[in-house]
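Undergrad: Got a sequence here, can you build the structure:
(one chain, ligands or ions: 2)
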Amino acid sequence: MLYDNHGRLINYVRLAVTDRCNLRCYYCMPEEGIKFVPRQELLTYEEMERIVRVLAALGVEKVRITGGEPFVRRDLMSFLRNIAANEGVKKIALTTNGVLTAPHVKEFKDLKIHSVNLSLDSLDPARYFEVTRRNEFDAVMRTLDALLDHGIGVKINTVVMQGQNEQDILPMVEMTKQLPVNVRFIEEMPFNGSGQHYKEWVWDHRRIIGHIREAYPLLTKIPDPPHSTSYNYSIEGHQGTVGVIAAFSRTFCGTCNRIRITPQGLLKTCLYDSGIFNVRDLLRAGASDAELTGAFTEAIGHRAKDGYEAEASRFLHSPVTESMATIGG
Ligand code: SAM
Ligand code: SF4
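TA: Ligands and ions are numbered 1, 2, ... in the order given. All right, here's what the predicted structure looks like:
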């Protein structure tokens, strides 16, 4: 079992399998895209499988596949089959924009995938286009239908952006009346390839919940699952639930059980740090499993207490500007 220096159990890894994406979400990357990592610098699937093997032997039971958009990487499904074959891996989760996902949903349960995070920032196709700069709304809705038809748990990630989609908050909540989905509103973070969008940032988790409560006075706090990053609520008569993720306010660090591996192999023990060491370089230098185990254990034994401490330790205190596509969310 892996415990960090603050006594937190680490049993969850998030693997960003690519930094490439078929959307250009306003909050994640500029219209022209980001400087994508050269192909030879990306971790290969074999390298990721080895990382998962080493981590699973240390007690990491849950693997989330994210990106960039996971489904733009060729042969993703073969990779998922190999990860699922690892007995130490109990649960695989996916975060996807849903553009290319629908045809694969029927295989998810066999691959230990029982829950998917689907990103959707508007139910209005025109605004969806404005936010993502691509015309893929119908494809995402097909994925949503496929997930529900196959009994896969759905969490919908909605980033709340000042001046962009505030008007979408209530329609997204209304969707939970008919559909058994957990809609989670995420505070926007400055991980968009260029840094802070606003002089004044107003849509924090309190304001989001206050806004929902004005329209739905019966909004009721429900217990949050262990290690949850969201505060969750039900509304009487609704099949689904609503949550808010204080990603910028960072209120959930005390129970954080996760580490991240970026597409080029950087280990991040916090979303806000600038990387602890490069696992790919160790692998390509011929490190043994014991050496990899030692490197992970050492990094986790020196973890920042929270996202503020991690941000303060960034190289030369450079502010957060990287795209979320290079981190995986
Ligand atoms: N492409 C996939 C997707 O969009 O679901 C997976 C990768 S994406 C980087 C993972 C999550 O990060 C998405 O739910 C997205 O909404 C969220 N995200 C990206 N940039 C963000 C930002 N600047 N602030 C808050 N959330 C962000
Ligand atoms: Fe692509 Fe996901 Fe970033 Fe949107 S949030 S640009 S879908 S990686």
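
Undergrad: Tell me where the stretch 101-250 of the chain has helices.
TA: 125-132, 137-149, 169-178, 205-215 (DSSP state H, counting those that start in this stretch).

Undergrad: Adding mean neighbour count and mean pLDDT, write the ones you listed out as a markdown table.
TA: All C-beta spots, glycine's among them, are computed from the backbone N, C-alpha and C. Shown next, in a markdown table, are the helices of the stretch 101-250 of the chain (neighbours: other CB atoms under 10 Å; pLDDT from 0 to 100):
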| stretch | mean neighbour count | mean pLDDT |
| --- | --- | --- |
| helix 125-132 | 17 | 96 |
| helix 137-149 | 18 | 98 |
| helix 169-178 | 17 | 98 |
| helix 205-215 | 16 | 96 |
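
Undergrad: which residues sit in contact with the residue in the stretch 201-329 of the chain that ligand 2 sits nearest to?
TA: Nearest to ligand 2, among the residues of the stretch 201-329 of the chain, is Ala325, at 4.0 Å (CB to the nearest ligand atom). Counting by CB atoms under 8 Å, 6 or more residues apart in numbering, Ala325 makes contact with Ala16, Asp19, Arg20, Cys21, Cys28, Met29, Ile34, Gly67, Gly68.

Undergrad: Next step: those residues restricted to helices.
TA: Residues of these located in helices (DSSP state H): none.

Undergrad: May I ask which of the residues you listed comes out lowest in pLDDT?
TA: Lowest pLDDT among the contacts of Ala325: Ile34, with 88.

Undergrad: What residues does that residue make contact with?
TA: So Ile34 contacts Asp19, Gly193, Ser323, Ala325, Thr326 (CB under 8 Å, 6+ apart).

Undergrad: Tyr233: neighbour count?
TA: Using other CB atoms under 10 Å, the number of residues around Tyr233 comes to 23.

Undergrad: now His78, what's its secondary structure?
TA: Residue 78: Ser, not His. helix (DSSP: H, G, I helix; E, B strand; the rest coil).

Undergrad: Just the pLDDT for it.
TA: So Ser78 comes in at 98 (pLDDT).

Undergrad: just use 57 as the starting number from now, easier for me
TA: Will do, 57 is the new start, and the previous item becomes Ser134.

Undergrad: That one - nearest residue in space that isn't next to it in sequence?
TA: Tyr101 (7.6 Å; CB to CB, 6 or more residues apart in numbering).

Undergrad: Next: Gly207.
TA: Closest to Gly207 by CB to CB, 6+ apart is Lys165, at 7.6 Å.

Undergrad: Pretty sure the one you found sits against Gly209.
TA: No - applying CB atoms under 8 Å, one finds Lys165 not in contact with Gly209, separated by 10.9 Å.

Undergrad: how about low-confidence regions in the stretch 207-356 of the chain?
TA: Where the stretch 207-356 of the chain drops to pLDDT under 70, the residues are 252-255.

Undergrad: Please repeat the previous calculation with a cut-off of 80.
TA: The stretch 207-356 of the chain contains residues with pLDDT under 80 at 250-257.

Undergrad: Show me which residues of it sit near ligand 2.
TA: Within reach of ligand 2 by CB under 6 Å from any ligand atom, the stretch 207-356 of the chain has no residues at all.

Undergrad: Tell me which stretches of the stretch 157-306 of the chain form strands.
TA: 169-175, 209-216, 238-243, 276-277, 286-290, 297-301 (DSSP state E, counting those that start in this stretch).

Undergrad: May I see the ones you listed organised as TSV, with distance to Glu354 added?
TA: Output for the strands of the stretch 157-306 of the chain, formatted as TSV (distance: least, CB to CB, whole Å):
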stretch	distance to Glu354
strand 169-175	30
strand 209-216	32
strand 238-243	32
strand 276-277	39
strand 286-290	31
strand 297-301	30
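
Undergrad: Would you reformat those strands as CSV and include distance to ligand 1?
TA: Below are the strands of the stretch 157-306 of the chain laid out as CSV (distance: least, CB to the nearest ligand atom, whole Å):
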stretch, distance to ligand 1
strand 169-175, 3
strand 209-216, 3
strand 238-243, 5
strand 276-277, 23
strand 286-290, 12
strand 297-301, 8
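
Undergrad: Show the contacting residues for the closest residue to ligand 2 within the stretch 107-256 of the chain.
TA: Nearest residue of the stretch 107-256 of the chain to ligand 2 (CB to the nearest ligand atom) works out as Asn153 at 3.6 Å. For Asn153, the contact set (CB under 8 Å, 6+ apart) comprises Cys77, Asn78, Leu79, Cys81, Glu125, Leu174, Ser175, Thr188, Glu192, Val196.

Undergrad: Find the nearest non-adjacent residue to Val216, please.
TA: Trp259 (4.4 Å).

Undergrad: So which residues make contact with the host helix or strand of Ala351?
TA: Here Ala351, judged by DSSP states H and E, is contained in helix 345-356. Under the contact criterion CB under 8 Å, 6+ apart, helix 345-356 has outside partners 58-61, 66, 106-107, 109-111, 113-114, 315, 323, 325, 332-333, 335, 338-339, 343.
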